[in-house]
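>>> Sequence first, predicted model second:
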Amino acid sequence: MTLIELPPWTALTPALILALTALALFVVDSINPRATNRTLLAGTATAGALASLGVAVWFTVAGVGQAETGGAIDLFGGQLVVDGMALFFMTVVAVVTAMVAVASYDYMDGHAYQAEYYSLVLLAATGMSTMAAANSLVTIFIALELASLPSYALVAILKDNRGSVEAGLKYFLIGALSSAIMLYGISLVYGATGHLQLEAIANALGDAGAYSGLLGLGVLMVIGGVAFKTASVPFHFWAPEAYEGAPAPISAFLSSASKAAGFVIAFRIFTEAFPIGPMLELGIDWSFAFIVLAIVTMTVGNFAAATQENVKRMLAYSSVGHAGYALIGLAGLGAGSELVFGAAMMHLLVYGFMNTGAFLFVGLAEYWGVGRTFEDYNGLAAQAPIACTALAVFMFSLAGVPPFGGFWSKYFLFTGAVGIGSTSMLVVAAALVVNSALSLYYYARLVKAVWIDDPVTPRESLAQPTGLYVAILFAAVMTVAVLPGFGPIADAASEAAAALVP
Amino acid sequence: MMIEALIAVTLVGALVTFVAPNRIAGKLAFVVSLVPVALSLWLFAAFDGSGNALLDGDLAFESQAEWIDLGPYTISWFVGLDGISLPLVILTTVLTTLAIVSSWTPIDDREAQFYGLLLFIEANLIGVFAALDFFLWFIFWEAVLIPMYLMIGVWGGPRRKYAAIKFFVYTNVASLVMFGAFIALVFGLGDAVTSFALPEITEAMLTVGPEGLFGVDGTTLTSLVFVAMFLGFAVKVPVVPFHTWLPDAHVEAPTPASVLLAGVLLKMGTYALLRFNFTMFPQEVVTAFAIPIAAIAVISVIYGAMLALAQTDLKRIVAYSSVSSMGYVILGLIALTQFGVGGATFQMVSHGLISGLMFMAVGVIYNATHTRMVTDMSGMADRMPVAVGILVAGAFGYMGLPLMSGFAAEYFIFFGAFGSESLPYAPIFTALAMFGIVIVAGYLLFALQRAVFGPYRLETDYEVGRAPLHDLAPMFVLLGLIIALGVAPELIFELITDAVDPILEHGGDL
């Protein structure tokens, strides 16, 4: 009963808004390249991200691309698709981008290339948003590169800082390598099936029997590409280096939004192109690969995080651990469980708030210049109680302690995995519990440092940069607020998951 | 909507206090905390519930709204009060207000955060006693831990870091054990339950029982879950041998945190035991464990009292005496008689008041003398007559002097336990536990005689004088309540027995 029937391509509005904002920022910079009006630039970037967020949420609420309004919207001959999952991840990307843009206002104060910085952030966000909607191996690859190239530049943007440049170089080299691996995998899949569009690949699987070895190798290489983007073992080595060297808001951006985007392409490829039933007939059991990957990733990430002295590296390794938790969603797909798949989506949303917030707190500490180790953080709560309360919220939520959002998403991952009932998924569930219990140790250590320990050296009074505070408090409020609001989130995620799981 | 209002007012008050200027935080928190007191007293006046919340009772102020619907189970916002939870809610609100007033003297650093956390704990404690959905309850239950951890860790004594970590690790591990056991139980019940609402789970447990899980049959699963949940709650109570976190936490915690810790947090454990282990499980399961539980109760009474006897730190004495008093509660519960279980619930309230009073009195003396060592003190009665008088009165309450609430509570428990039919050797267990009273009287009188009476000989550089009125006022309120409940236990005992009787009926013991 709509008055005006919108053309189908408008379903991509959340991604288009991000792209247009990036272009607008370039225009602002071209008009007056010398003057850097930080307020204007950060304001434009934030407004664009918020507009994208608003549209994505509105579309989700209105049911665009969902079963009750006629199902997923296919665009451009099935190259892009807008459905519940695409909108869900567009929401995650947009909200993280908004927080990062607000926080960068203070963090990037005094650095060169302000306009370029914000437009690169928004271009990367456009890429991630498009990844959420990509429905063919070509568009997936293009979107992935669109997200990755600006990210390499962003990691290295503090060009006077050796760590930043080195991190950017490492990130670029490993990124290029894994892109090549993924592209090779894509070409093998194309060779075996003769298609690039995801459903077309699924339909052609029946005839691919003769090339099952080739296809299996292709799938393995695609998994490698996904593992790089999501910082999963064994392609996680870049993550601590890149996150540590990058400006803290960019670390937040990469570890939250970029990771979520990496998962959405994995979810889409492995539900649409390689449904588990036909793949098993070809002798390719990718769900087993994800079971192993999930257990190894969460264990390696958590054990490495527990031994760090540097807070940013601890968060980086913990982010590897959380990739392991989200991989449970893919591991459970083998049994066709929509509950565990939806739970992984919820976890990535909650993670978008709590992990972004945690990295932004590190950004705040860098802004204050208090140092990088746990010891340097000692006693910050006496001087900045509100930011440190927010930090406590993030830490306990990341550890999965009630009453914060992280508890719910981990609990649903756990019940989802147990509900499948297979022995291997029980092992995954047990690994989740053991790792969560272990992670409480190092997360609580940071809380203890800021709240309970006394400062090693006396500090001057700390400034309260507005942008960083706003972003951190927003993240903290949302980490708590997803608790009462978990009903609609769970509905959106499980509906989106149910639409994809055959 | 009254319970929601109560929790919301307290939470908002906590937030406002948390960010208020330190200068006014104490007074602000006091004013804020008067609202929940007034609301909870109104709840008492308007209470129209009957029966037990988990066993088809009519709840007061009930409200239920679907929260998360995912997979086979629904999670809902489900709160309501019955005769067991209402007194504990009032205990929480009153004790928090008094704890706030008693913090005005000792807390002089980061006041806003301190009072904010105090109010935050209050909101969650109300939630624990009002929640009737397992997840809602668990969230409140766990949310108490973090502020208490910070209160001990930031504002505590010299060994605060050790005590805070120990408190957090012990109680969190216990919660995980209990949580895992409960989830296993719900999975084991299969299709009989479709939500985490406690009344529904209770009904399923008492009618069909679990069908088993992962190759474990239903009967074994029930027993395993009973034991795991008992252990999980026993740490919180705490009973011997899981009590070692308690003296450390108490001694290092600032006075107001000790008041809430002993007054209300320990009751979370016994309340949960009553609600889960003793209500939800069929009585043959409970009675199968009667002897070990009664043994744990008696050991806690005697051993806790003996440990108290050996202490020289006044605060440690009071802390260990809690182990003893909680032992009585467990004994009353396992008796499974009207007076046993009702008396145990009454003791929860009574001990909350008396231990709160004792910790405040010790705190006031410590503020003046900067020592808690019984061996250092002597003749305090001359210098601080009012505070010492209250301390002595509290000690009498602990010993169970008639016309004080401690007497009523212990009398009910012993009366109920002695005549228990479901507990084998009930008279022997009761007699052993009663011997605890003698030791309690012994260590309290011994400590008082050394610290309070005799010549004054404390060597300090400053004047040890009378405590300010705002330190004494909360203790007078507590003393008034203790005497009121001692003279007229039926003020709340009828409410309690009304909610306790259905528990006994479903086992046929009444």
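Done, it's in. Residues are numbered from 1 along each chain as shown, chains lettered A, B, ... in the order given.
>>> what about residue 499, how many neighbours?
Since no chain was named, I'll use chain A. Using other Cβ atoms under 10 Å in any protein chain shown, A:A499 is surrounded by 17 other residues. In this view, the C-beta of every residue, glycine as well, is placed from N, C-alpha and C.
>>> please go with chain B instead
Counted with other Cβ under 10 Å, B:A499 comes out at 28.
>>> for the stretch 1-150 of chain B, which spans come out with low pLDDT?
Counting by pLDDT under 70, the stretch 1-150 of chain B contains no low-confidence range.
>>> try it again with 80
For the stretch 1-150 of chain B, residues meeting the criterion pLDDT under 80 lie at B:56-57, B:69-72.
>>> near chain A, which residues of it show up?
B:18-19, B:66-72, B:110, B:112-113, B:138-143, B:145-146, B:150 (Cβ under 8 Å from any Cβ of the partner chain).
>>> do that again at 10 Å, thanks
B:18-19, B:22, B:65-73, B:75-77, B:109-110, B:112-113, B:116-117, B:124, B:127, B:135-136, B:138-147, B:149-150 (Cβ under 10 Å from any Cβ of the partner chain).
>>> Now, the residues you listed that are in strands?
B:A65, B:E66, B:W67, B:I68, B:D69, B:L70, B:Y73, B:I75, B:S76, B:W77 (DSSP state E).
>>> Show the buried residues in these.
B:W67, B:I68, B:D69, B:L70, B:Y73, B:I75, B:S76, B:W77 (16 or more other Cβ atoms under 10 Å in any protein chain shown).
>>> those strands in chain B, which residues are they?
B:60-70, B:73-81.
>>> A:V165 is nearest to which of these?
A:V165 sits nearest to strand B:60-70 of all the strands of chain B, at 45.9 Å, using Cβ to Cβ.
>>> how about a markdown table for the ones in strands among the residues of the stretch 1-150 of chain B next to chain A, with distance to B:S258 added?
A markdown table is the format used below for these (distance: Cβ to Cβ, whole Å):
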| residue | distance to B:S258 |
| --- | --- |
| B:A65 | 37 |
| B:E66 | 40 |
| B:W67 | 35 |
| B:I68 | 37 |
| B:D69 | 42 |
| B:L70 | 40 |
| B:Y73 | 39 |
| B:I75 | 34 |
| B:S76 | 35 |
| B:W77 | 32 |
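>>> and A:G405, what is it in contact with?
A:346-347, A:349-351, A:353-354, A:393, A:397-398, A:478-483, A:485-486, A:489 (Cβ atoms under 10 Å, 6 or more residues apart in numbering or on different chains).
>>> Okay, whatever residue of the stretch 401-510 of chain B ends up closest to chain A and B:V94: tell me how far apart.
For the stretch 401-510 of chain B, the residue closest to chain A is B:H470, as judged by Cβ to the nearest Cβ, at 25.3 Å. Per Cβ to Cβ, to the nearest Å, B:H470 is found 16 Å from B:V94.
>>> close enough to count as contact, A:A399 and A:V393?
No: using Cβ atoms under 10 Å, A:A399 makes no contact with A:V393, being 11.0 Å away.
>>> Now list whatever residues contact both of these two.
Counting by Cβ under 10 Å, 6+ apart, the residues touching both A:A399 and A:V393 are A:M354, A:G406, A:V447.
>>> State the number of residues packed around the residue lying closest to the second one once chain neighbours are set aside.
Across the structure, with Cβ to Cβ, 6 or more residues apart in numbering or on different chains as the measure, the residue nearest A:G406 apart from its sequence neighbours is A:S397 (3.8 Å). Other residues within reach of A:S397, judged by other Cβ under 10 Å, total 32.
>>> Could I have the CA atoms of the helix or strand that contains A:S397 written out in CSV?
In this assignment (DSSP states H and E), A:S397 forms part of helix A:385-399. Taking C-alpha atoms only, helix A:385-399 is exported to CSV below (Å, rounded to 0.1, in the frame of the first residue of the first chain):
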residue,chain,number,x,y,z
PRO,A,385,35.8,7.6,36.5
ILE,A,386,33.2,7.8,33.8
ALA,A,387,35.4,6.6,31.0
CYS,A,388,36.7,3.9,33.2
THR,A,389,33.2,2.8,34.1
ALA,A,390,32.6,2.4,30.4
LEU,A,391,35.8,0.4,30.1
ALA,A,392,34.6,-1.9,32.9
VAL,A,393,31.4,-2.4,31.0
PHE,A,394,33.2,-3.3,27.8
MET,A,395,35.6,-5.7,29.5
PHE,A,396,32.9,-7.6,31.5
SER,A,397,30.8,-7.7,28.4
LEU,A,398,33.6,-9.1,26.2
ALA,A,399,34.2,-11.7,28.9
